[in-house]
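> Predicted structure and sequence below. I'll ask about it afterward.
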Amino acid sequence: MIAYWMCFILFLVGLYGAITRRNLIKIAISLSIMEFSTFLFFAMIGYIDEGVAPIVDPADPVKVYVDPLPQALVLTAIVIGLATTAMLMAVIIRIYRKYGTFDIREIKNLRG
Amino acid sequence: MTVIVKKTTQLIAGMVFMYGIYVIIHGHLTPGGGFAGGVILAGSFILLILAFGSDFVKLMKEETGSTLYENLAILIVLLLALSGLLLGTRIFFMNWMPKGTLGQLVSAGMLPLYNIFVGIEVAASILTIFLALVIFKEEMKE
Amino acid sequence: MEIAIAIIAGLMIIGALYAIHAKDLLSAVIACGIVGYGLVICFLLLKAPDLAIVQIVVETITLIIMVAVVLDSSREEKFSKPDPQGYVSMILSALIIGVLLYFFIISVSSLDEFGKSTLRMSGPYIEGATEKTGSANLVTGVVFDFRGYDTLGEATVLVTAVLGVLTILRIKGKK
C-alpha cells in the first residue's frame, strides 16, 4: 500500500506547483509531473507477483501473465502527453516573443 | 558543430532508423509495436537536424514532405478500417485476413499493416512538431 | 518489489520538489528529467517493456523541446514577496489537497493488495487472445484488435495537435 501513497504524494506535489507558481515554465513542468504520476498508478494496478511480461512464447504457453489492459491504456496516454506538452510549449514561445517575460502577473498588468 | 559530431551522427542515425523499422515490423512478436517504433524513427531524424544545424530553405521543403506523409498514413489507416465494412464480414474494424500460425513473421491477420501505417503517422507527426519549432526560431532570428 | 518501487518513487518526489523550487530555469527542466527517467526504471520493474521503450524516447524529445525554449530567454525566475493574491492561492491549494486526501483515504482501502490483482476484467482477453487475434504480443493484440477505436482516436488527437502547433507558430505575411 505504501507504493500507492507515494504515487499520490507525487500527484499532490505537481498540483501544488501548478497552483502556486508564477512562472510559465514551472506551470508546464508541474502539469507534466501530474501526468507521470497517473501513468505510474495505472501500471501498478495490474501487477501480479511472480508474473511474466505479456508476450506469449509458442513453446511454453501456459503461464501467469501480468495484466495487459492497463498497459494498453498507458501506451496511448504517453504519446498524447507528448503532443499536449509540445503544444503548450508552442503557446509559451509565442507569449514570450510578444511580452518579453515569463511571469504571469506582469503579463496580466501589461496586457494590451 | 565540429566534424567529429557530424561524422558520428551520420553513422549512428542510419542504425537508429533500421532499429525503428525492426521494432515496427516485429510488433506482434516482441515488445514494441506501432507507437514505440514510430517515436524511435522520429528520434533518428531529430538527431540529424540537431547535428547539422538548420538551413532555412532546406527545412521548409522538409516540412511539406512530412505533413504529406502524415496525412497519407492516417488516410490509409481509415481505409483499412473501412475495408472490414465493405469486404469480408460486415463489421467495422474487423480483423478479416487469415491468422496463420503463432510466432511467424507473416501472421495475425491485418495487425502488421496497422503497425506499419500507425508507425509512419506517429513519426511524421513528431517530426512536423519539431520542424515547426525550429523554423520559428530561425525566422525570428532575422 | 514494493519496497524497490517505493524507494524510486521517493527519489522522484525529491526531484519534483527541487524542480518546482529551483531558481534557475535550466536546472528545473533537467530535474523534470529525473521524474521521467525514474518512471522508466519503474516500468521495467513492473514487467512492462512496451511502456519503457515509449517513455524513454518521449522523455528525451520533451527535454530537447523544453531546453530549446528556455535557452534563448532570461534564465531565472524572479522572486518577490508574495502579494495578497499569492496568499489566497496557497490557502486554496491547501484546501484542495485536504479534500483530495480525504477521498483517497476512503478509496484506497477498496483497492486490491499490491501484486495480487484479481484480473476480473482481463480474463476473457487473455484466454481468447491467441486464437482470436493470432499475435504473440498481448498488448499489441489489445491495442489494435480488441480496442481499435482507442487507437483511431489517439491518431486523431496527434493530427489535431500538429494542426494546432502549425497554426500557432505561423508568421504573418510570409508571401
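Ah, there it is. Numbering: from 1, shown residues only, chains lettered A, B, ... in the order given.
> what residues are up against whatever residue of chain B ends up closest to chain C?
Chain C sits closest to B:Lys99 of chain B, with a gap of 3.4 Å, by CB to the nearest CB. For every residue, glycine as well, the C-beta is placed using N, CA and C. For B:Lys99, the contact set (CB atoms under 8 Å, 6 or more residues apart in numbering or on different chains) comprises B:Ser107, B:Ala108, B:Gly109, C:Thr133, C:Gly134.
> Now do the contacts for the last one.
Right, the one you point to is C:Gly134. With CB under 8 Å, 6+ apart, C:Gly134 has these contacts: B:Lys99, B:Gly100, B:Leu102, B:Ser107, B:Ala108, B:Gly109, B:Leu111.
> Of the contacts of B:Lys99, which one scores lowest on pLDDT?
Lowest pLDDT among the contacts of B:Lys99: B:Ala108, with 76.
> and that one, that one's in a helix?
No - counting by DSSP: H, G, I helix; E, B strand; the rest coil, B:Ala108 is not part of a helix but coil.
> I'd assumed B:Ser107 was in contact with A:Pro58.
No - using CB atoms under 8 Å, A:Pro58 is not in contact with B:Ser107; the gap is 10.5 Å.
> Compare those two and say which is more crowded by neighbours.
Applying other CB atoms under 10 Å in any protein chain shown to A:Pro58 and B:Ser107 shows that B:Ser107 carries more neighbours, namely 20 against 12.
> Hmm, that one is touching C:Ser135, no?
Yes - the criterion here is CB under 8 Å, and B:Ser107 meets it with C:Ser135 at 7.3 Å.
> Between the two, which contacts overlap?
Common neighbours of B:Ser107 and C:Ser135 (criterion: CB under 8 Å, 6+ apart): B:His28.
> pLDDT below threshold where in chain A?
By pLDDT under 70, the low-scoring segments of chain A are A:112.
> Report the spatially closest residue to the residue of chain A found nearest chain B, excluding sequence-adjacent ones.
Across chain A, no residue is closer to chain B than A:Pro58, which sits at 4.1 Å (CB to the nearest CB). Among residues not flanking A:Pro58 along the chain, B:Gly103 sits closest, at 4.1 Å (CB to CB, 6 or more residues apart in numbering or on different chains).
> Checking that neighbour next. Helix, strand or coil?
Under the three-state scheme (three-state DSSP), B:Gly103 adopts coil.
> so what's it up against?
By CB under 8 Å, 6+ apart, the residues touching B:Gly103 are A:Pro58, B:Leu29, C:Ala136.
> ok, so of those residues, who is nearest A:Ile92?
Using CB to CB, B:Leu29 comes nearest to A:Ile92 of these, at 41.5 Å.
> Tell me the confidence at the closest one?
B:Leu29 carries a pLDDT value of 89.
> which secondary structure element contains it?
Assigned by DSSP states H and E, B:Leu29 belongs to neither a helix nor a strand.
> List phi and psi for the closest residue in space to it that isn't next to it in sequence.
Nearest non-adjacent residue to B:Leu29, counting by CB to CB, 6+ apart: C:Ala136, 5.2 Å away. The phi and psi torsions at C:Ala136 (degrees, to the nearest 10) take the values phi -80, psi -20.
> Let me know whether C:Ala136 touches B:His28 as I believe.
Yes - under the criterion of CB under 8 Å, C:Ala136 makes contact with B:His28 at 6.3 Å.
> How about the residue nearest to the spatial centre of chain B: what's its closest non-neighbour residue?
In chain B, the residue lying closest to the centroid (CA atoms, centre = their mean) is B:Ile120, at 2.7 Å. With sequence-adjacent residues excluded and distances taken as CB to CB, 6+ apart, B:Ile120 is closest to B:Ala73, at 4.3 Å.
> and the gap between the residue nearest the centre of chain A and B:Met18?
The centroid of chain A falls nearest to A:Glu35 when counting by CA atoms, centre = their mean (1.9 Å). A:Glu35 sits 31 Å away from B:Met18, going by CB to CB, to the nearest Å.
> The residue nearest to B:Leu29: what's it in contact with?
Contact partners of C:Ala136, counting by CB under 8 Å, 6+ apart, are A:Ile55, A:Val56, A:Asp57, A:Pro58, B:His28, B:Leu29, B:Leu102, B:Gly103, C:Thr130.
> Pull up the gap between the first one and B:Gly103, please.
By that I understand A:Ile55. From A:Ile55 to B:Gly103 the distance is 11 Å (CB to CB).
> again with the second one
When distance is defined by CB to CB, A:Val56 is 8 Å away from B:Gly103.
> now do the fifth one
Shown here: B:His28 relative to B:Gly103, a distance of 10 Å by CB to CB.
> gap between stretch B:116-126 and the chain center?
Relative to the mean C-alpha coordinate of its chain, stretch B:116-126 is positioned 3 Å out (CA atoms, centre = their mean, to the nearest Å).
> List the contacts of it.
A:79, A:82-83, B:20, B:24-25, B:27, B:34-35, B:37-39, B:41-42, B:45-46, B:66-67, B:69-70, B:73-74, B:76-77, B:80, C:61, C:144, C:151, C:155, C:158-159, C:161-162.
> Over to stretch C:75-94?
Counting by CB under 8 Å, 6+ apart, A:15-16, A:19-20, A:22-23, A:26, A:102-103, A:105, C:22-26 sit against stretch C:75-94.
> And these, which of them are buried?
A:Leu15, A:Tyr16, A:Ile19, A:Thr20, A:Arg22, A:Asn23, A:Lys26, A:Phe102, A:Asp103, C:Ala22, C:Leu25 (16 or more other CB atoms under 10 Å in any protein chain shown).
> which among the residues you listed gets closest to A:Met44?
Distances from A:Met44 to those, taken by CB to CB, are shortest for A:Leu15, at 19.4 Å.
> Helix, strand, or coil at that closest one?
Per three-state DSSP, A:Leu15 ends up helix.
> Tell me who's in contact with it.
Taking CB under 8 Å, 6+ apart as the test, what A:Leu15 contacts is A:Ser30, A:Met34, C:Ser93, C:Ile96, C:Ile97, C:Leu100.
> Which of those fall in helices?
A:Ser30, A:Met34, C:Ser93, C:Ile96, C:Ile97, C:Leu100 (DSSP state H).
> Using neighbour counts, trim those residues to the buried set.
The neighbour-count test (16+ other CB under 10 Å) marks A:Ser30, A:Met34, C:Ser93 as buried among the ones in helices among the contacts of A:Leu15.
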